[in-house]
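> Following is a predicted model, sequence given first.
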Amino acid sequence: MAEVKILIAGYTSDDSGEEKTCATITLVKDKNIVMVVDPGVLESQEMLVSALKEERLGISDVNVVCITHSHIDHYRNIGMFPDAKTLEFYGLWDKNTVDDWDEQFTDDIKIIKTPGHDSTSITLLVKTDKGIIAICGDVFWKKNYPKKDIYADNLKALKESRKKILENADWVIPGHSGMYKV
Ligand SMILES: [Zn+2]
C-alpha cells in the first residue's frame, strides 16, 4: 500500500481576505517512489524543506514531483528538486527528455485525466490503508468548493471530472485545503 501525507495544507486568499495563496503540498510514498505533489508557492522554501525533514526526507530523496495542473500556485517551487522526475499531463520528464506515463503508474498509484478547471489537470488515485485517496489539484479547491469555478476552462468537463473523482475515491485532497471524506 502507498502512503500519503499532507506536508503543507493549502489555502486561498478567500480564507483570510489577505492576498495569500498556496496549493496543498502532499507527499506520496510507494515502494521506491518518493513523490511530492504540487510543490506550491511559499513565503519560504525552507517551510517545505522542514516539512520533508519531519518525514526524515531530504530534497535529494524526492525522486518524482507531480504537477496536478499548470497554474503557478501549484508548481512555483519545482526548481527545488533538480534531480527528481516531473510527472505532469503531457508526460514524465527526466531533465529535458519526456516519456509517456502509464495510467497505472505503480501498483497503488493510478493517474487519471481530470480536465475542466484547467485542460492539463490530472488526478492521482492512491491506494492506502485508509482507502483510495484522490489528489486532485483544483478540481476541488476545498470540500465541494467552489460551487462555480470562475477560473474553469470548461465547466462541463469539470463537472464530469468531479463526478469521476467522487465515484472512485474514499478521500479527497483538494487543491487548497486539508483532506476530506467523500
Ligand atoms: Zn488552479
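That came through, no problem. Numbering: from 1, shown residues only.
> Burial check on the closest residue in space to Asp30 that isn't next to it in sequence, number of neighbours?
Distances taken as C-beta to C-beta, 6 or more residues apart in numbering place Ala2 nearest to Asp30, at 3.8 Å, with adjacent residues excluded. Just so you know, the C-beta spots here come from the backbone N, C-alpha and C atoms, and that holds for glycine as well. Ala2: 19 surrounding residues under other C-beta atoms under 10 Å.
> What of Ile72?
The burial count for Ile72: 10, using other C-beta under 10 Å.
> which residue sits closest to it, ignoring its sequence neighbours?
What sits nearest to Ile72 in space, not counting adjacent residues and going by C-beta to C-beta, 6+ apart, is Val41, at 6.6 Å.
> related to what we said a few turns ago, the residue nearest to Asp30 and Ile33, how far apart?
Distance of Ala2 to Ile33, given as C-beta to C-beta, to the nearest Å: 8 Å.
> end-to-end on stretch 49-66?
Using C-alpha to C-alpha, to the nearest Å, the end-to-end distance of stretch 49-66 comes to 17 Å.
> Give me the three-state assignment for Lys159.
helix (DSSP: H, G, I helix; E, B strand; the rest coil).
> Let me fix that, I meant to ask about Arg162.
Using three-state DSSP, the structure places Arg162 in helix.
> before we move on, back to that, now for Ala2 and Ile33: what residues contact both?
Common neighbours of Ala2 and Ile33, using C-beta atoms under 8 Å, 6 or more residues apart in numbering, are 106, 109.
> quick one on the thing from earlier: and the gap between the residue nearest to Ile72 and Asn154?
Val41 sits 24 Å away from Asn154, going by C-beta to C-beta.
> the more surrounded of the two?
Just comparing Val41 and Asn154: by other C-beta under 10 Å the higher neighbour count belongs to Val41, 19 against 15.
> Next, the contact list for that one, please.
Contacts for Val41 (C-beta under 8 Å, 6+ apart) come out as 21-23, 72-74, 76-77.
> can you check Tyr151 too?
117-118, 138.
> quick one: the most centrally placed residue in the chain from Ile150, how far?
Geometric centre of the chain, nearest residue: Val37, 4.1 Å, by C-alpha atoms, centre = their mean. Separation of Val37 from Ile150 (C-beta to C-beta) stands at 24 Å.
> which residues of this structure fall in strands?
Along the chain, the segments classed as strands by DSSP state E run 3-8, 25-30, 33-37, 64-66, 85-88, 91-94, 97-99, 109-113, 122-128, 131-135, 171-173, 180-181.
> quick one: strands adjacent to the shortest one?
So the one you mean is strand 180-181. If you go by DSSP bridges, strand 180-181 pairs up with strand 171-173 (antiparallel).
> do the fourth one as well
Here strand 64-66 is paired, per DSSP bridges, with strand 33-37 (parallel), strand 85-88 (parallel).
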